[in-house]
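**Q** Based on what follows, work out the 3D shape:
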Amino acid sequence: MMPILPGVYQATKKDGSIYYRTSFTYKNKHISLGSYLTPEESHAAYLEAVAITKDSSITLDSYIQQEHILSFDKWVVLINFRDNGLYFKNPIYLKDRYFLYYLSHTEVLKFDVDDLFYYSNHKIMKRGNHLFVADYGMQVSILSRYGIHSFSVAGRDYQFANGDSTDYRYGNIEIINRYMGVRRELINGLYQYITKIHIKGDFIVGRYPTEIEAAVAYNKAVNFLKEHGMKKNFVTNYIEELDEIAYAAMYNRVRISKNLRSFVAESNGLNNFVNF
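**A** Alright, predicted model coming up:
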């Protein structure tokens, strides 16, 4: 198919309407620039892409100086390809040993180069303060790559070491609470780990000197509730540091609170526990 203008190709939708596809070739890479309603818009997109790739004085800051045909994402893709010689379909710009991922001109995330392959193939989306990708048909929080649960709260369960909440480089992520139901608390100058489980409200399972003991206690509380008729689908903790024998020994040793046991006994006595 011959272009009707440089980089412009006419196409037809299923309903018979005409639109115009734009593309060009740069560094032996054929790059799609999108679809447009008129050949003039389509050609303007082509000319804009050519200008970006030929003129190194055009930077990402140039985008906000006037209106453009191409999206900001496409600008990031083209400028990175021009400057660094690598093409990514997502809005990534390579730096020295890390890269920038642009959610917009003003929202920029930093990642280690180890994550480059993943994010070059998974587009980051944002809903409220939640950042996620689509992976195998599911919405997956980007925090999961650090072992941080989706319900975790910044400042309580994890923190950014340098105070920059856009810096997702591994050395900048400090995990405070790794396990389900476990929270670290500073009491009289010493850290303790409190375990809570949610039924109709939060019940304290106990306080423990280490987070692993607290995590095992949470699992024990889950099993206790299920053994006594609770139907809720709790997620339990996997403790990688413990082998089967060490886990069993700790499981038998940790204690769960009398209040939780009393609640179970009372609920079973009222014959309504299974409805929780």
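
**Q** alpha carbons only for contacts and neighbour counts from here, please
**A** Will do.

**Q** Verify the assumption that Leu100 is located in a strand.
**A** Yes - counting by DSSP: H, G, I helix; E, B strand; the rest coil, Leu100 falls inside a strand.

**Q** Identify the residues contacting it.
**A** 92-94, 108-111 (C-alpha atoms under 8 Å, 6 or more residues apart in numbering).

**Q** Tell me which stretches of the stretch 1-150 of the chain form helices.
**A** 39-54, 72-84, 116-121 (DSSP state H, counting those that start in this stretch).

**Q** can I get these in CSV with distance to Arg145 and mean pLDDT?
**A** As requested, these are exported to CSV (distance: least, C-alpha to C-alpha, whole Å; pLDDT from 0 to 100):
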stretch, distance to Arg145, mean pLDDT
helix 39-54, 34, 96
helix 72-84, 24, 98
helix 116-121, 10, 97
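
**Q** Any chance of JSON lines for these, columns distance to Ile204?
**A** Output for the helices of the stretch 1-150 of the chain, formatted as JSON lines (distance: least, C-alpha to C-alpha, whole Å):
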{"stretch": "helix 39-54", "distance to Ile204": "60"}
{"stretch": "helix 72-84", "distance to Ile204": "48"}
{"stretch": "helix 116-121", "distance to Ile204": "39"}
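
**Q** can I get these in TSV with distance to Ile194 and mean neighbour count?
**A** Shown next, in TSV, are the helices of the stretch 1-150 of the chain (distance: least, C-alpha to C-alpha, whole Å; neighbours: other C-alpha atoms under 10 Å):
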stretch	distance to Ile194	mean neighbour count
helix 39-54	56	18
helix 72-84	45	19
helix 116-121	35	14
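
**Q** Which members of the contacts of Leu100 are classed as buried?
**A** Listed as buried from the contacts of Leu100 are 92-94, 109-111; burial here means 16 or more other C-alpha atoms under 10 Å.

**Q** Farthest pair within these?
**A** Leu94 and Leu109 (11.9 Å; C-alpha to C-alpha).

**Q** mind listing what Pro39 touches?
**A** 4-5, 8, 10, 20.

**Q** Among these, which ones are in strands?
**A** 8, 10, 20 (DSSP state E).
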